[in-house]
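Asks: after the sequence you'll find the predicted model.
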Amino acid sequence: MSAKPLKTFGLASAAFLLALESPALAISLFEQPRYAALLVDTGTGEVLYSRQADAERYPASITKVMTLYLVFERLAAGQLRFDEPVTLSARAAAQRPSKLGLPAGERLTVDQAIRALATKSANDVALALAEHLAGSEARFAELMTLRARQLGMARTRFVNPHGLPDPRQVTTARDIATLSLALLRDFPQYYGYFQQQQFVFGGRVFPNHNHLLRTMPGVDGIKTGYTAAAGYTLAASAVRDGRRLVAVVLGGPSRTARDGNVESLLASGFAVLAARARGQRTQVADLLAEPGDLNDAVLSALVEQGSSGPPNASLP
């Protein structure tokens, strides 16, 4: 199976910037050292914004999008049932939070397991699903990496199904965007799992970790993540006026900063599309008060110089 390539289009600086419905309090994180981001129009594959999109980063719990992609493959092929029981092994039960906290030997259905990953981001359930589908974590991780390559995720490697820290498990913002687009394209019938506000299990209510589902109109998925090494990560999708965008942010310094940046990217992206419809030309970076048509190397140099003194006029 092949993924639609992401296309990058250079845009001129905005002559009509003040005429745009600019997102209020747009938040930029491009000076954060671990920051990487990409904003893409799912209908065209056009990249509307990119910062360090091919730099190696840790995915944290966004990993579970690939875990669920493989689950959805089995369901669509009739090789897995929603009511099929999944048993937690002792190793799965021992995983670190976030988790449901079920004891070894406890069972839940495939449907419940999917909901636990999409909302609570349960690490114990992610490993239980991996063992159920492939027999072992190592074999499932091999399948994850193989599918990543087939989808065009050239710089991603998986060694576990949940995203807990491992220096070998790496990705890029571009690869996560590619995965997000593939899931939307290949399994629209299952995408509703990522829209759940909460998951009820064993008499407990687990709210979805994706706060933008509740705070930004149009957002309908997909997955958050956090580890100390990765920072705060989020892939989010939103629809407005019949257009769908996917934003990926990795390496956010806090949950609120990450969420604010993703919201700003999405809102700015929709504003740019609306401006184009009126014959105006601008770019997302303009709305974030960032340098626009500069490559990442120049941006990094500007950031470094900004912290040590005035910019060097000889920079290209």
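Replies: Everything's here; your move.
Asks: quick one: contacts for Lys99?
Replies: For Lys99, the contact set (Cβ atoms under 8 Å, 6 or more residues apart in numbering) comprises 120, 122-125. For glycine as for every other residue, the C-beta is placed from the backbone atoms N, C-alpha and C.
Asks: tell me which of those residues is nearest to Ala267?
Replies: Lys120 (27.6 Å; Cβ to Cβ).
Asks: what is the burial count for that closest one?
Replies: For Lys120, the count of nearby residues is 22 (other Cβ atoms under 10 Å).
Asks: ok, which stretches of this structure are strands?
Replies: 7-8, 36-41, 46-51, 85-87, 107-109, 198-201, 204-207, 219-227, 231-240, 243-252 (DSSP state E).
Asks: so what are the sheet partners of the fourth one and their directions?
Replies: Spelled out, it's strand 85-87. Looking at strand 85-87 with DSSP bridges, its partner strands are strand 107-109 (antiparallel).
Asks: and the partner strand, what's buried?
Replies: Residues of strand 107-109 classed as buried: Leu108 (neighbour count, 16 or more other Cβ atoms under 10 Å).
Asks: now stretch 183-200
Replies: By neighbour count with 16+ other Cβ under 10 Å, stretch 183-200 contains the buried residues 183-184, 186-187, 190-191, 193-196, 199.
Asks: quick one: mean pLDDT over stretch 213-221.
Replies: Averaging pLDDT along stretch 213-221 yields 96.
Asks: next one: stretch 121-132
Replies: So the average pLDDT for stretch 121-132 ends up being 98.
Asks: do I have it right that Arg147 meets Leu70?
Replies: Yes. Using Cβ atoms under 8 Å, Arg147 is in contact with Leu70, at 6.4 Å.
Asks: those helices in this structure, which residues are they?
Replies: 63-76, 90-93, 110-115, 123-134, 137-151, 173-186, 212-215, 255-277, 284-287, 296-308 (DSSP state H).
Asks: adding distance to Val248, write those out as JSON lines.
Replies: Formatted as JSON lines, the helices of the chain follow (distance: least, Cβ to Cβ, whole Å):
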{"stretch": "helix 63-76", "distance to Val248": "11"}
{"stretch": "helix 90-93", "distance to Val248": "28"}
{"stretch": "helix 110-115", "distance to Val248": "22"}
{"stretch": "helix 123-134", "distance to Val248": "20"}
{"stretch": "helix 137-151", "distance to Val248": "15"}
{"stretch": "helix 173-186", "distance to Val248": "5"}
{"stretch": "helix 212-215", "distance to Val248": "13"}
{"stretch": "helix 255-277", "distance to Val248": "8"}
{"stretch": "helix 284-287", "distance to Val248": "13"}
{"stretch": "helix 296-308", "distance to Val248": "15"}
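Asks: OK, contacts around Val65?
Replies: 176, 179-180, 183, 222-223, 235.
Asks: how does it look with 6 Å?
Replies: 179, 223 (Cβ atoms under 6 Å, 6 or more residues apart in numbering).
Asks: can you list the buried residues in stretch 280-296?
Replies: 282-288, 290, 292.
Asks: show me the two of those that sit farthest apart.
Replies: Largest separation among those by Cβ to Cβ: Thr282 and Glu290, giving 12.5 Å.
Asks: what is the nearest of the buried residues of stretch 183-200 to Val205?
Replies: Phe199 (7.6 Å).
Asks: what sits closest to that closest one if chain neighbours are left out?
Replies: Thr119 (4.1 Å; Cβ to Cβ, 6 or more residues apart in numbering).
Asks: for stretch 224-238, buried residues please.
Replies: Result for stretch 224-238 [16+ other Cβ under 10 Å]: buried residues 224-227, 230-238.
Asks: follow-up on the earlier one: could you double-check that the residue nearest to Phe199 sits in contact with Phe194?
Replies: No. If you go by Cβ atoms under 6 Å, Thr119 and Phe194 don't touch, sitting 8.7 Å apart.
Asks: picking up where we left off before, the residue nearest to Phe199 - how many residues pack around it?
Replies: Look at Thr119: counted by other Cβ under 10 Å, it has 24 neighbours.
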